[in-house]
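Chemist: Fold the following and give me the result.
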Amino acid sequence: MKAMSDRLPSGLRLALGALGFSLTVGCTSTGAQPSSAAFSFALIGDTPYGSAAEHRLTTMLREIDDDPSVRFVLHAGDLKGGGEPCTDELLRRRLELMQEVSGALVYTPGDNDWTDCHRAAAGRFHPLERLAALRRLAFADPTRSMGKRPLPLRSQAEAESHGEFVENALFVHERVMFLTIHVVGSRNALAPWHGIDPSDDAEVARRDRSAAFEARQAANLSWLEAAFGSAQRSGVIAVVVLMHANPRFDLPPGHPHRAGFEAVIQALRRLSLRFGRPVLLAHGDGHLFLVDRPLASGSPPVRNLLRVQSWGEPLSGWSRIDVDPAQAGVFEIGTGARSPVGH
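Modeler: Residues are numbered from 1 along each chain as shown. Have a look, this model is predicted:
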């Protein structure tokens, strides 16, 4: 894997501003925008599930390393199975595996990594205690990605508000902005924590679960607004949003399994329309490779938003995404048939 994707165009500066940060891309003396080179990145997610899958992940990361055009890896969350114990020991081991990638790896949390830890098979942990542990172990330095040649990141930890959300990050490569938001499966953590509280209910939620959802939702929406606002004002030519959950575009508004994602869906709709340039939503959670334009038939249609869902266990393959700033659509996504690693 070729080194650092932090080789930004001359004149690009990142600094915190009123919305959490501001981004300015400097222009040449003639007023033209700086040129950008084509590159590729890898998308993985929902892996490894179980000790046998650890070897598959190692093999997959080596395969990615062997592709000289891939600049970095995005992991869309779930570094453990839902039935595995949510112990510090297990989390450390999985994070150490991801650190072995020769370049950089950017990770966003999945539901198995904290909110599903209330389950009996996962150890009946309090999910918010496990979220705190995950932040301590995976995001001890929110200014750097994982990997042997880490990327410098901007984190929401630096923003004027929502500073506890160290996992929400941003970087720019070749005038393409990449940002992560903490949106997970299990209905975006609205599923009741029955493992530790049988009385918890979807209609009458535990106070701590409800408050945590509201705080995380506010942080995610603020981060999206700030990032797209900076992208709009700058020379950024495209935006990639990485999160874990499949937000259930397939379900109608008002469906209970979509409720936890509705605000994010509407923000992506509004911000993509305003941005007017290519937007790629990359996520996991569904475990099957999928590419579509989920908001293209809406009113108004959002034709510049492309969605890709990663492979997931037991098909722990990876998807190569080519980025060519010279092409109108910017993103070209393979079929996903890049040899998903066998069971």
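
Chemist: which intervals of this structure have sub-threshold pLDDT?
Modeler: 1-35, 335-343 (pLDDT under 70).

Chemist: can you tell me which residue is nearest the centre of it?
Modeler: Most central in the chain under C-alpha atoms, centre = their mean is L242, positioned 2.6 Å from the mean C-alpha point.

Chemist: any idea how far it is from A133?
Modeler: Noted for L242: a distance of 22 Å to A133, by C-beta to C-beta, to the nearest Å. Yep, even glycine has a C-beta here, placed from its N, CA and C like the rest.

Chemist: ok, back up a step: contacting residues around the residue nearest to the centre of the chain?
Modeler: Contact partners of L242, counting by C-beta atoms under 8 Å, 6 or more residues apart in numbering, are L74, A76, V106, T108, F178, L179, T180, I181, A282, H283.

Chemist: With only the CA atoms kept, save the one helix or strand I321 maps to in PDB.
Modeler: Here I321, judged by DSSP states H and E, is contained in strand 319-323. Provided in PDB are the C-alpha atoms of strand 319-323 (Å, rounded to 0.1, in the frame of the first residue of the first chain):
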ATOM      1  CA  SER A 319     -14.600  -3.500  -1.800                       C
ATOM      2  CA  ARG A 320     -12.200  -1.400  -3.900                       C
ATOM      3  CA  ILE A 321     -13.400   2.100  -4.600                       C
ATOM      4  CA  ASP A 322     -11.600   4.100  -7.300                       C
ATOM      5  CA  VAL A 323     -11.700   7.900  -7.100                       C
END
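
Chemist: Give me the distance from the next helix or strand after that strand to the chain's centre.
Modeler: Of the helices and strands lying after strand 319-323 in sequence (DSSP H and E), the nearest is strand 331-333. Strand 331-333 sits 17 Å away from the centroid of its parent chain (C-alpha atoms, centre = their mean, to the nearest Å).

Chemist: With stretch 150-167 instead?
Modeler: Centroid separation between stretch 150-167 and its chain, computed with C-alpha atoms, centre = their mean, is 14 Å.

Chemist: let's number from 48 now, not from 1
Modeler: Shifting the count to begin at 48 puts that one at stretch 197-214.

Chemist: end to end, how far does that stretch reach?
Modeler: This stretch, stretch 197-214, spans 15 Å end to end (C-alpha to C-alpha, to the nearest Å).

Chemist: ditto for stretch 229-249
Modeler: Start-to-end span of stretch 229-249 (C-alpha to C-alpha) is 20 Å.

Chemist: Make sure P341 is actually in contact with V355.
Modeler: No - between P341 and V355 no contact is recorded; they are 10.7 Å apart, counting by C-beta atoms under 8 Å.

Chemist: before we move on, the earlier item: show me the contact partners of the strand holding I368.
Modeler: With C-beta under 8 Å, 6+ apart, strand 366-370 has contacts from 85-91, 114, 117, 221, 223, 285, 327, 329, 336, 355, 357-358, 377-381, 383, 385.

Chemist: Many thanks, I have nothing further to ask.
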